[in-house]
Every structure is written in C-alpha cells, then in structure tokens.
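Engineer: can you look at this prediction? I've put the sequence above it.
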Amino acid sequence: MSDKRIGDYEKLLKHLDCSPQNFLMLGNSIKSDILPVLELGGFGGHIPYRITWSHEQHDQRVEHDHFVALKSIDGILNYL
C-alpha cells in the first residue's frame, strides 16, 4: 500500500473480507504501519529498522493491548 491511513486500511480489510480483530500488521513504521491498524481494532507488531524516514518518526511509547515491540520478525512467532 502506498498510502497507509485508516481509510486505506479499511479498504484493504474490506477487500480481503477480514475483520480488524483478525488482522496483524508487521512493519517498521509505528506512525503509518501500526497506529492506524490499532485504531481500527487490529494488531500491530513494530520491527525497527536502522533507517526511518523523518516523516515516519514516532518518539512516543505505544501502550496498547494489541501492540508488540519486536527486535526482529521471527519474534512474532512467540505471539502467534
């Protein structure tokens, strides 16, 4: 997805016929990969990358029952 806002995720979920509570987004951007999905009721796993665009910076701690901070992608296996 080139745009990752709430409405864009809503369209994707509708296209996939997937309810948000059955959707997990893994990504390196808390701002565009994780927060919109959490707001819809989905799950998000943040996998940091050494380079993040300045407009994707999010310095606040994420406190959410559906959020997990990972060190690498294989860390999600502990949550599935």
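Structural biologist: Looks like it came in fine.
Engineer: now P48: closest residue in space, sequence neighbours ignored.
Structural biologist: Leaving aside its chain neighbours, P48 sits nearest to N28 (6.3 Å; criterion: CB to CB, 6 or more residues apart in numbering). The way it works is simple: take the backbone N, C-alpha and C, and place the C-beta from them, glycine included.
Engineer: please name the residues that touch that neighbour.
Structural biologist: N28 is in contact with 46-49, 52, counting by CB atoms under 8 Å, 6 or more residues apart in numbering.
Engineer: dihedrals phi and psi, the residue sitting nearest the centre point of the chain?
Structural biologist: Nearest to the mean C-alpha position of the chain, by CA atoms, centre = their mean, lies I34 at 2.4 Å. Reported as degrees, to the nearest 10, the phi and psi values for I34 are phi -100, psi -50.
Engineer: that one contacts H46, correct?
Structural biologist: Yes - I34 lies in contact with H46 (CB atoms under 8 Å); the separation is 5.5 Å.
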